[in-house]
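Q: Okay, sequence plus prediction incoming.
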Amino acid sequence: MAVLLMKLRLVPDDELAEIEALLEENELEFYTTTAGNWGISLPALWLVDGDRKDEAKALLERYAVDRQTRARAAYEEQRRSGSVRSIWDIARESPLRWLGSMLLVAGLLYISLTAFW
């Protein structure tokens with residue numbers, strides 16, 4: 001019987017492709033379900049053979065550790081090269097949009113907090 005392997009809500013496409021390739025390499029049969037037209041269903045990755053769930057979970061754990069290591073290394077490389085965007089970089093790229101966003105946040109805070117004074 002099929003078992004839920006992982007939920008796919010907010011999973012990037014590249015990560016899903018890597019996971020699918022990993023499962024195919026290890027000859028684990030699976031299928032995916034989508035969120036549907038209205039986005040209210042469960043997007044998920046299902047394992048066809050429930051008896052191999054432990055094997056699949058172990059593969060996913062190793063993959064998650066590997067992906068985290070790669071992401072941290074990529075971030076450190078970007079930080080060393082100075083290409084990581086900060087809030088000030090965003091403000092310099094689009095000052096009017098940034099100022100508008102800050103004014104909107106300040107306005108919402110003002111409206112929210114003055115009700116209690």
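A: Thanks, I have the structure now. Please read these numbers as outputs of a predicted model, since none were measured by experiment.
Q: which other residues reach stretch 43-61?
A: 1-9, 11, 16, 19-20, 22-23, 26, 28-35 (CB atoms under 8 Å, 6 or more residues apart in numbering). (Each C-beta comes from the backbone N, C-alpha and C, glycine too.)
Q: Give the buried residues for the single longest helix found in the chain.
A: What stands out as the longest helix in the chain, according to DSSP state H, is helix 53-81. Under the neighbour-count criterion of 16 or more other CB atoms under 10 Å, helix 53-81 has 56, 59, 60 buried.
Q: That helix: what's the following helix or strand?
A: Note on helix 53-81: by DSSP states H and E, the next helix or strand toward the C-terminus is helix 87-93.
Q: which helices and strands sit right next to whatever helix or strand comes next after that next one?
A: On the C-terminal side of helix 87-93, the closest following helix or strand by DSSP H and E is helix 95-114. Contacts defined by 3 or more CB pairs under 8 Å, 6 or more residues apart in numbering; DSSP states H and E place helix 95-114 against helix 87-93.
Q: May I see the buried residues of the helix it packs on?
A: Of the residues in helix 87-93, none is buried (16+ other CB under 10 Å).
Q: if we can go back for a sec, buried subset of the contacts of stretch 43-61?
A: Using 16+ other CB under 10 Å as the burial test, those include 5, 6, 8, 19, 22, 23, 28, 30 as buried.
Q: If the last one is in a bridge, with which residues?
A: What it means is residue 30. For residue 30, the beta-bridge partners are residue 47 (DSSP bridges).
Q: Show the contacting residues for it.
A: Taking CB under 8 Å, 6+ apart, we find residue 30 in contact with 5, 20, 23, 45, 46, 47, 48, 56.
Q: For it, report the pLDDT, please.
A: Looking at residue 30, its pLDDT is 98.
Q: Check the third one too.
A: At residue 8, the pLDDT value in this model is 97.
Q: burial measure for residue 41, as a count.
A: 11 (other CB atoms under 10 Å).
Q: Report the contact partners of it.
A: 33, 34, 35.
Q: Among these, which ones are in strands?
A: residue 33 (DSSP state E).
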